[in-house]
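1. sequence first, predicted coordinates after that:
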Amino acid sequence: MKIKKYGNTELKIKEMAQPIADELGYDIWDIQYVKEGAEWYLRVFIDKEDGIDIDDCEAMTRPLNEKLDELDPIKGGYIFEVGSAGLERELVREEHFKACTGLEVRAHLFMNVNGSRDIIGTLASYSKESVKLVTDGEEKEIPLSDIAYIRLYEEFEFD
């Protein structure tokens, strides 16, 4: 995996979305402008301290959609979505790693290590080349090139 940076289109959208998010009390977790199959998608992922619900997504969608229509920063068609970053959100940008240092994460590896492709531990640090996770009291350095993705880890209990 590589730590991603915003592209030009994503930066334009972030500049438009940030004042709206600030006014509503939301954090922008990520903005993605991606092609999937024949369609382009513009996705804005938001967060707030007590979590995001459908009403929050709608509250962000309406004014941002109006701004997108007014300024028309993207030529061509696309599907616009606003959603929650989610409990087990993926860490892809430098600011994600900064915000999540000290939290539990799950690194999903390309290859098995000791019979598993997942390492769960506390994110101790990161760099452009690797992350350090503390698991079972031991710090492990994992090259980013060995990691398919990293997500916040939330253990769910089922009754």
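-> Yep, that arrived. Numbering: from 1, shown residues only.
2. for this protein, which segments count as helices?
-> For the chain, applying DSSP state H gives helices covering 8-24, 54-71, 94-100.
3. show me which residues of the last one are buried.
-> Buried residues in helix 94-100, counted by 16 or more other Cβ atoms under 10 Å: 96-97, 99-100. Any C-beta I mention is one placed from the backbone N, CA and C, and that applies to glycine too.
4. farthest pair within these?
-> Largest separation among these by Cβ to Cβ: F97 and A99, giving 7.4 Å.
5. quick one on the thing from earlier: how about the helices of the chain in TSV, adding distance to E81 and mean pLDDT?
-> TSV is the format used below for the helices of the chain (distance: least, Cβ to Cβ, whole Å; pLDDT from 0 to 100):
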stretch	distance to E81	mean pLDDT
helix 8-24	12	97
helix 54-71	8	97
helix 94-100	19	95
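6. want to throw these into JSON lines with distance to I79?
-> Shown next, in JSON lines, are the helices of the chain (distance: least, Cβ to Cβ, whole Å):
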{"stretch": "helix 8-24", "distance to I79": "14"}
{"stretch": "helix 54-71", "distance to I79": "12"}
{"stretch": "helix 94-100", "distance to I79": "24"}
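7. nearest to S145, out of the ones you listed?
-> Nearest of the helices of the chain (Cβ to Cβ): helix 94-100, 15.9 Å.
8. now do the contacts for the residue lying closest to E81 once chain neighbours are set aside.
-> In space, and not counting its chain neighbours, E81 is closest to R43: 4.9 Å by Cβ to Cβ, 6 or more residues apart in numbering. With contact taken as Cβ atoms under 8 Å, 6 or more residues apart in numbering, R43 is in contact with 30-34, 81-83.
9. for N114, state which of those residues is nearest.
-> For the contacts of R43, the nearest to N114 is D30 (31.4 Å; Cβ to Cβ).
10. no more questions from me, cheers.
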